[in-house]
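*Asks:* Only the shape, not the letters, is given here:
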C-alpha cells in the first residue's frame, strides 16, 4: 500500500461565526505547504459544512485554496469534491452560498466556485481547470498562472468573480456587506435597513444627469445613487460586462436588486456577457425574495457576426427567461432609450413586470428614427428623410404610445422618481404568485 504524505494534504475547519452581525457557517481550508491537495476527508468536511448550513438555515461561506485532488488517494478525492458539488447544488436557492478564493483553486474543484451565489477573489488567488502547461501544449500560448486565471481575469473576462479583495479578511468583510441585503434562507424575508432618507425626497437632480443629446453618455450609477437610500449601492461584477450594472441597494429600508443599462459602455446595448450577468443576478434575487428595480436605457442588442455565431439568440433568451420566471416584485423605469427586443427583455410589462414607469423624454420604439426611416422610405432623398425623421421622432419616440397600450404604467417626472418607485415597491410588498406544478423549468443555459 502506498503511504500518503499528510503534510501536503488540505485540512478544513467548519464553524459557525458572525459576519456583520449575521451567523454563518464557514468552512475554512488551511494548508501546511504550497502543494496542498484536496483529499477525501476535506471533501467530506466541506459536504458536512454545507449540510449543516442547510439544516440550520444559515448562509454558507467556503474559504478555499487547493491545487487539485489528492493524486495519491486515487479516485477518492474526485468523488469527495463531487459530493460537495452535489450538496452546493441542493443548497442553491435555499441558503445564500459564498466562496472566497484564498489561493490557487485548480482542476476539478475549481468548479465549486461556479456553483455558489457570490465569489470573492483575493489578490493572490488564481483559478483554472487546465493549467498553463496544458494551454501551451494545445495552443502554443505561454501564460503564467495569474495571466491564465488570476483575480483580474475572473473579475473582467470570465465573470466568475463577483468581488475582489486584498486578502481573506477583506473578502469576509465583503461577504458580510452582501449578506446585509440577503435573508438567511428562502424561508425568511430580506432584512430591513434602517435609514433616515425620506421616501418623499425629490430627485430633481437625477434628470439633470441626462445628456443634452440622445447619443450623449452618462454613468447610470449616478442615477442609482440619487434614487436609492443614502446613495449606497453595492455593485456586483463591476468589471465584467460593464454595459450592464447589477448590484444591491435599499429603498425605504427595503432590500432591492438593481439591474441597469450602462450608457458609458457599448452605449448600454446588450451582448452575450451582459445577458448572462443579468440573468444570473435576476435569478439570485428571485430565489431570495429580493424585489427588482430595472433601469432601462438601451438601443438594443449589440449587432455583430461573431455575437450571432456565438449564440446571441440563445444567450439573450437567458435574460428574458430569468425575468419571465421571477415572482418577486418587479418595478422598472425607462430613463431614455428603450428599443426593440432589448426593450422586451429588460423586464417589460409583457414579460411579467409589475410596474413600469417612464420619464417624459423616454424613447420607446421598435428602433431609432433614422433606422426606421431608412427601412420605411428607402427611395426618399436626404431632405425628405430629414423631415421624416423629425415626424417619426415626434410621433413614435415618446413613451405615450406604449402607455396607451398599457406597456407603461405611468409617465412620471424625474423629480418624482424615488417617491413613485418606493410607492410601487410598498404596494407590491405583499405580492404572491402561485407557481406552476412541475419538477423544474428548462432554462436556456
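*Replies:* Received, thanks. Note that the coordinates shown come from a computational prediction; the quantities given were computed from them, not determined experimentally.

*Asks:* tell me the domain ranges of this structure?
*Replies:* Dividing the chain into domains by automatic domain parsing, as the record does, gives the ranges 7-179, 204-362+398-427.

*Asks:* Can you get me the start-to-end distance on the last one?
*Replies:* By that I understand domain 204-362+398-427. Using C-alpha to C-alpha, to the nearest Å, the end-to-end distance of domain 204-362+398-427 comes to 23 Å.

*Asks:* Find the residue at the geometric middle of this protein.
*Replies:* Most central in the chain under C-alpha atoms, centre = their mean is residue 281, positioned 3.1 Å from the mean C-alpha point.

*Asks:* So the residue nearest to that residue when sequence neighbours are not counted versus residue 284, what's the distance?
*Replies:* Counting by C-beta to C-beta, 6 or more residues apart in numbering, the nearest residue to residue 281 once its immediate chain neighbours are dropped is residue 246, at 4.2 Å. For every residue, glycine as well, the C-beta is placed using N, CA and C. Distance of residue 246 to residue 284, computed by C-beta to C-beta, to the nearest Å: 9 Å.

*Asks:* who touches both of these two?
*Replies:* Each of residue 257 lies in contact with both residue 246 and residue 284 under the rule C-beta atoms under 8 Å, 6 or more residues apart in numbering.

*Asks:* quick one: the strands in the stretch 101-250 of the chain?
*Replies:* 118-122, 126-128, 163-165, 234-236, 244-251 (DSSP state E, counting those that start in this stretch).

*Asks:* mind checking which of these is nearest residue 28?
*Replies:* Across the strands of the stretch 101-250 of the chain, the minimum distance to residue 28, taken as C-beta to C-beta, is reached by strand 118-122, at 13.3 Å.

*Asks:* Centre of the chain to the closest one, how far?
*Replies:* In terms of C-alpha atoms, centre = their mean, to the nearest Å, the centre of strand 118-122 is found 14 Å from the chain centre.

*Asks:* From the contact counts, what lies against it?
*Replies:* For strand 118-122, the contact count by 3 or more C-beta pairs under 8 Å, 6 or more residues apart in numbering; DSSP states H and E identifies strand 97-106, helix 151-156, strand 163-165, helix 168-179 as packing neighbours.

*Asks:* Just say which of these is most tucked in.
*Replies:* Relative to the other members of the helices and strands packed on strand 118-122, strand 97-106 carries the highest mean neighbour count by mean count of other C-beta atoms under 10 Å, namely a mean of 26.

*Asks:* would TSV of the helices and strands packed on strand 118-122 with mean pLDDT be doable?
*Replies:* Below are these laid out as TSV (pLDDT from 0 to 100):
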stretch	mean pLDDT
strand 97-106	94
helix 151-156	96
strand 163-165	97
helix 168-179	96
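
*Asks:* I'd like to know which of the ones you listed is closest to residue 333.
*Replies:* Using C-beta to C-beta, the nearest of these to residue 333 is helix 168-179, at 24.1 Å.

*Asks:* Can I get the helices and strands packed on strand 118-122 in CSV including distance to residue 237?
*Replies:* Putting the helices and strands packed on strand 118-122 into CSV (distance: least, C-beta to C-beta, whole Å) gives the following:
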stretch, distance to residue 237
strand 97-106, 14
helix 151-156, 8
strand 163-165, 8
helix 168-179, 12
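
*Asks:* Now stretch 206-219: buried residues?
*Replies:* Going by neighbour count (16 or more other C-beta atoms under 10 Å), the buried part of stretch 206-219 is 206, 207, 209, 210, 218.

*Asks:* what residue ranges in this structure are flagged as low confidence?
*Replies:* Of all residues in the chain, those with pLDDT under 70 make up the ranges 1-12, 30-35, 71-72, 77, 366-396.

*Asks:* Nearest to residue 16, out of the strands of the stretch 101-250 of the chain?
*Replies:* strand 118-122 (18.9 Å).

*Asks:* Sheet-wise, list the partners of the closest one with their directions.
*Replies:* Looking at strand 118-122 with DSSP bridges, its paired strands and their directions are strand 97-106 (parallel), strand 163-165 (parallel).

*Asks:* Look up how far residue 91 lies from the residue nearest to residue 58 when sequence neighbours are not counted.
*Replies:* Distance criterion C-beta to C-beta, 6+ apart; nearest residue to residue 58, sequence neighbours excluded, is residue 25 at 5.2 Å. Using C-beta to C-beta, residue 25 is found at 10 Å from residue 91.

*Asks:* shared neighbours of these two, anything?
*Replies:* Taking C-beta under 8 Å, 6+ apart as the contact criterion, the common neighbours of residue 25 and residue 91 are 50, 53, 60.

*Asks:* can I get those residues in CSV with distance to residue 18?
*Replies:* Output for the shared contacts of residue 25 and residue 91, formatted as CSV (distance: C-beta to C-beta, whole Å):
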residue, distance to residue 18
50, 19
53, 14
60, 14
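
*Asks:* which ones among those residues are found in helices?
*Replies:* 50, 53 (DSSP state H).

*Asks:* want to throw the strands paired with strand 118-122 into TSV with distance to residue 440?
*Replies:* Conversion of the strands paired with strand 118-122 to TSV gives the following (distance: least, C-beta to C-beta, whole Å):
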stretch	distance to residue 440
strand 97-106	18
strand 163-165	29
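
*Asks:* And these: which comes nearest residue 138?
*Replies:* With C-beta to C-beta as the measure, strand 97-106 is the member of the strands paired with strand 118-122 nearest residue 138 (16.9 Å).

*Asks:* relative to helix 168-179, how tilted is the closest one?
*Replies:* Orientation of strand 97-106 against helix 168-179 (axes from the mean of the first three to the mean of the last three C-alpha atoms, to 10 degrees) gives an angle of 150 degrees.

*Asks:* Strand 97-106: how far from the chain's middle?
*Replies:* Taking the mean C-alpha point of strand 97-106 and that of its whole chain, the gap between them comes to 19 Å (C-alpha atoms, centre = their mean).

*Asks:* start at 32 instead
*Replies:* Sure thing, new numbering starts at 32, so read that last one as strand 128-137.

*Asks:* Show residues contacting it.
*Replies:* The contact list for strand 128-137, computed with C-beta under 8 Å, 6+ apart, reads 60, 62, 81, 90-99, 119, 122, 143-144, 146-153, 155-160, 162, 176, 182, 192, 199, 202-203, 206, 209.

*Asks:* Using ChimeraX, define a selection of the buried residues within those residues.
*Replies:* What follows is the ChimeraX syntax selecting those of the contacts of strand 128-137 that are buried according to 16+ other C-beta under 10 Å:
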select :60,62,81,90,91,92,93,94,95,96,97,98,99,119,122,143,144,146,147,148,149,150,151,152,153,155,156,157,158,159,162,182,192,199,202,203,206,209
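
*Asks:* what pairs with the helix or strand harbouring residue 387, and is each one parallel or antiparallel?
*Replies:* Remark: residue 387 resides in strand 386-389, with elements defined by DSSP states H and E. Strand 386-389 has the following sheet partners, assigned by DSSP bridges: strand 361-370 (parallel), strand 441-442 (parallel).
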